[in-house]
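# With the sequence up front, the predicted model follows.
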Amino acid sequence: MQRYRTTERMQIRLLASEVLRVKSIVAVQGMELTDEIQTMIATQVAMMVFGLESMEDDLSLDWLRNWQQILVYPTPFHNGRENVLGFNGILLSRAAIESGETQYQGGIVINWQDDHPHPLRAYANQVLMHEMAHKLDMLDGDTNGHPPLHKNMSEKQWFAAFENAFEDLNRRIQHGKPTAINPYAATNPAEFFAVATEYFFEAPLLLYRTYPKVYQQLSLFYKQNPIAK
Ligand SMILES: [Zn+2]
């Protein structure tokens, strides 16, 4: 929060209280959801989208329209799926321990252990912002690393920035080179956008130095410039 100006902090607090009013944050598996934790979660949501709403829009929460609740597990959880192989041996569904999950129709699932504020680890790891990014991505119908862009943005520049970075990351991994950002981003363009969002908010300088054009596009999208603050 320190990086934001006083007026921005007010907007974030106001939006966070709106989030608490209209969305539900639900504890599962013995998670203890204190008021403080709920406020922290709502504040993270608000920090991501406050720039997208103007005061004139009366904080319509339009960018949050495709989900209603956040389930909070105390620790990483089993995704409840089984391993399912397709006819050609491709894994269609995988049983796994997840730190977060977002479904196209449904809410956001996180675990508090991985969401708790922390001094930056080797990799930025912000599960709520990651899952929120997936939800923003899904607003235009596809989960493809492309959320609905603002009028002043260029589709062409967006795709150029993200495709180049995605290819660079995949090349580095193929050649066994170290990667500056979490290699999980190389999974597919949707994961790249979600992981890049984590860095944008948690390690903006690292993202800027590694993929400046991705940083620039995210700055246009989130209408924030975390480095400058
Ligand atoms: Zn993801």
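Yep, that arrived.
# Would you state the helices of this structure in chain order?
Secondary structure of the chain (DSSP state H): helices at 6-22, 35-49, 112-115, 127-138, 155-174, 189-202, 204-210, 212-222.
# which ones are touching the residue positioned nearest the centre of the chain?
Nearest to the mean C-alpha position of the chain, by CA atoms, centre = their mean, lies His130 at 2.6 Å. The neighbourhood of His130, defined by CB atoms under 8 Å, 6 or more residues apart in numbering, consists of Gly100, Ala194, Val195, Thr197, Glu198. In this view, the C-beta of every residue, glycine as well, is placed from N, C-alpha and C.
# returning to that earlier point: for Asn83, find the nearest of the helices of the chain.
Between Asn83 and the helices of the chain, the shortest gap by CB to CB is with helix 189-202, which sits at 20.2 Å.
# buried set for the closest one?
Neighbour counts over helix 189-202 (16 or more other CB atoms under 10 Å) mark 189-202 as buried.
# related to what we said a few turns ago, would you mind saying which of the helices of the chain lies nearest Tyr104?
Closest to Tyr104 of the helices of the chain is helix 127-138 (CB to CB; 5.8 Å).
# between that closest one and helix 35-49, how big is the angle?
40 degrees (axes from the mean of the first three to the mean of the last three CA atoms, to 10 degrees).
# can you tell if helix 127-138 touches the ion?
No - Helix 127-138 is not in contact with the ion by CB under 5 Å from the ion; minimum separation 5.5 Å.
# Compute the inter-axis angle for that helix and helix 212-222.
Using the same axes, to 10 degrees, the direction of helix 127-138 lies 80 degrees away from that of helix 212-222.
# List the buried residues in helix 127-138.
Neighbour-count burial for helix 127-138 flags Val127, Leu128, Met129, His130, Glu131, Met132, Ala133, His134, Lys135, Leu136, Asp137, Met138 (criterion: 16+ other CB under 10 Å).
# residues in contact with the third one?
Counting by CB under 8 Å, 6+ apart, Met129 makes contact with Gln44, Met48, Thr197, Glu198, Phe201, Glu202.
# one step back: with respect to Trp63, which of the helices of the chain lies nearest?
Nearest of the helices of the chain (CB to CB): helix 35-49, 4.8 Å.
# buried stuff in that closest one?
Buried residues in helix 35-49, defined by neighbour count with 16+ other CB under 10 Å: 37-49.
# what does stretch 205-218 give?
Result for stretch 205-218 [16+ other CB under 10 Å]: buried residues Leu206, Leu207, Tyr208, Thr210, Tyr211, Val214, Tyr215, Gln217, Leu218.
# Now the two most distant members of those.
Pairwise over these, using CB to CB, the maximum falls at Leu206 and Gln217, 16.2 Å.
# Looking at the contacts of Met129, which one is closest to Glu8?
The closest of the contacts of Met129 to Glu8 turns out to be Met48 (CB to CB; 12.7 Å).
# For the closest residue to the closest one other than its chain neighbours, give me its contacts.
Computed as CB to CB, 6 or more residues apart in numbering, the closest residue to Met48 that is not its neighbour in sequence is Met132, at 5.6 Å. Met132 makes contacts with Gln44, Val45, Met48, Val49, Ile108, Thr197, as judged by CB under 8 Å, 6+ apart.
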